[in-house]
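> 3D model of this:
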Amino acid sequence: MISFFEASLAELSIHRIGNKSQDEFYVLSEQSVVIKDNMLSNLLQQYFLSSFEKVNEVYRFFHPNADLNLNEVYHFAAAIFENGETFHENSKELAKYLYDVSGHPKIKSGELYLAYFENVQIEGELHDAIGIFKSETKETYLKVYPENEGFGLSYEEEAININKLDKGCLIFNTDKDQGFRVAVIDQTNRSAEAVYWKDEFLKLKIRNDNFNQTNNVLGVYKNFVTEKLDQDFDISKADKIDLLNKSMKYFKEKESFDLDEFSNEVIGNAEGIESFKNYKKSYEEEFDAPIPDSFDISGAAVKKQARVYKSVLKLDKNFHIYIHGDKELIEKGFDDDKSMNYYKVYFREEE
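Residues are numbered from 1 along each chain as shown. Got it, this is the predicted structure:
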């Protein structure tokens, strides 16, 4: 969904953010970094952007008072998009604001990078993007080099692994009035103190569009089938796989989702339909994520969920049965002589 094969790094500013509760301070650079080395520019793009190729969720900025301009990161990002010459000065303001919310004693200090990219692709569209990245984890690297007709060995401490981005976000210059499109990464400190990055610093909410609506319904239905059904009904694993296959078939063939239509075509049982609707309602209340009863289906979200929808029936460690079609062609039984379960499979041709 996000790619950067056409992207270029236009400007970069670097600051250092300490931990406020530990009496550490911030250090602001006086000017942005001039990068003349193409290899260094390419390495920086790999470090900053490569992790986002696997990101599917898209967020938007928000503020509890419903005034987007009260969201500090949104405010400074909008100012940069409005006038690129203010990039470095606004990067300082973003650094100071991040320092202000870094009050938990377990938040690590580190470098803060503010980058301006041109032509980053999201959902098939090219947009300029502001990147905010923080490096917290440092590593030690060995260096081997030619010396005296042999090789010398040294090391470098406090170095950064360009394959491990700790924290980052990309703010795309589109949908400004809705809070921009924002992608986020947080690989470190995934405990309670880490919420400061997404919840306190960025203040993000899931974009409630057809991608997330499709993704949420498929995710809720999958959990309903795999976890909830056993509590209410006596259902075999083959029947569960059949229900999952039917739901995926529905989403691949339909252009729009309708809750009643989906329930009747896929579940087809009054008690099961009521149980699913109650499960969906509980999810919406628990996660404060309302899912409308009808919406246009997102093909990208269906493709994403298809990867985790399993159609494999695992029998001990001897056999795997892949169920892709008519569930009526497989029967389950019990052999009294062997005291073992069995499946009978019907087919016309062997390939």
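> so what's the residue count around Ser41?
Per other Cβ atoms under 10 Å, the neighbour tally for Ser41 reads 14. All C-beta atoms are positioned from the backbone trio N, CA, C, and that covers glycine.
> remind me which helix or strand it belongs to.
Ser41 is part of helix 38-49 when elements are defined by DSSP states H and E.
> in what helix or strand does the nearest residue to Gly179 once chain neighbours are set aside lie?
In space, and not counting its chain neighbours, Gly179 is closest to Arg60: 3.4 Å by Cβ to Cβ, 6 or more residues apart in numbering. Assessed by DSSP H and E, Arg60 sits inside strand 59-61.
> by contact count, what packs against that strand?
strand 181-186, strand 204-206 (3 or more Cβ pairs under 8 Å, 6 or more residues apart in numbering; DSSP states H and E).
> am I right that Val225 is in contact with Leu244?
Yes. Val225 is within contact range of Leu244, at 5.7 Å (criterion: Cβ atoms under 8 Å).
> give me the more crowded residue out of these two.
Legend: neighbour count by other Cβ under 10 Å for Val225 and Leu244, higher for Val225 (24 against 20).
> pLDDT score assigned to the more buried one?
At Val225, the model reports a pLDDT of 86.
> contacting residues for it?
Going by Cβ atoms under 8 Å, 6 or more residues apart in numbering, Val225 touches 240, 243-244, 247.
> also Asn119?
By Cβ under 8 Å, 6+ apart, the contact list for Asn119 reads 6-8, 126-128.
> secondary structure class for it?
Following DSSP: H, G, I helix; E, B strand; the rest coil, we place Asn119 in the strand state.
> can you check the pLDDT for it?
Asn119 is given a pLDDT of 96.
> restricted to helices, list the contacts of Val225.
240, 243-244, 247 (DSSP state H).
> any chance of these in TSV, with distance to Leu112 and pLDDT too?
Converted to TSV, the ones in helices among the contacts of Val225 look like this (distance: Cβ to Cβ, whole Å; pLDDT from 0 to 100):
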residue	distance to Leu112	pLDDT
Lys240	47	80
Leu243	48	85
Leu244	44	85
Ser247	44	90
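> looking at those, which is nearest Tyr74?
Ser247 (36.8 Å; Cβ to Cβ).
> and the nearest residue to that closest one once chain neighbours are set aside, what does it touch?
Leaving out its chain neighbours, the residue that sits closest to Ser247 by Cβ to Cβ, 6+ apart is Val266, at 5.0 Å. Contacts of Val266 were listed using Cβ under 8 Å, 6+ apart, and they are 243, 246-247, 250.
> if you set the cut-off to 6 Å instead, what comes out?
Val266 sits next to 246-247, 250 when contact means Cβ atoms under 6 Å, 6 or more residues apart in numbering.
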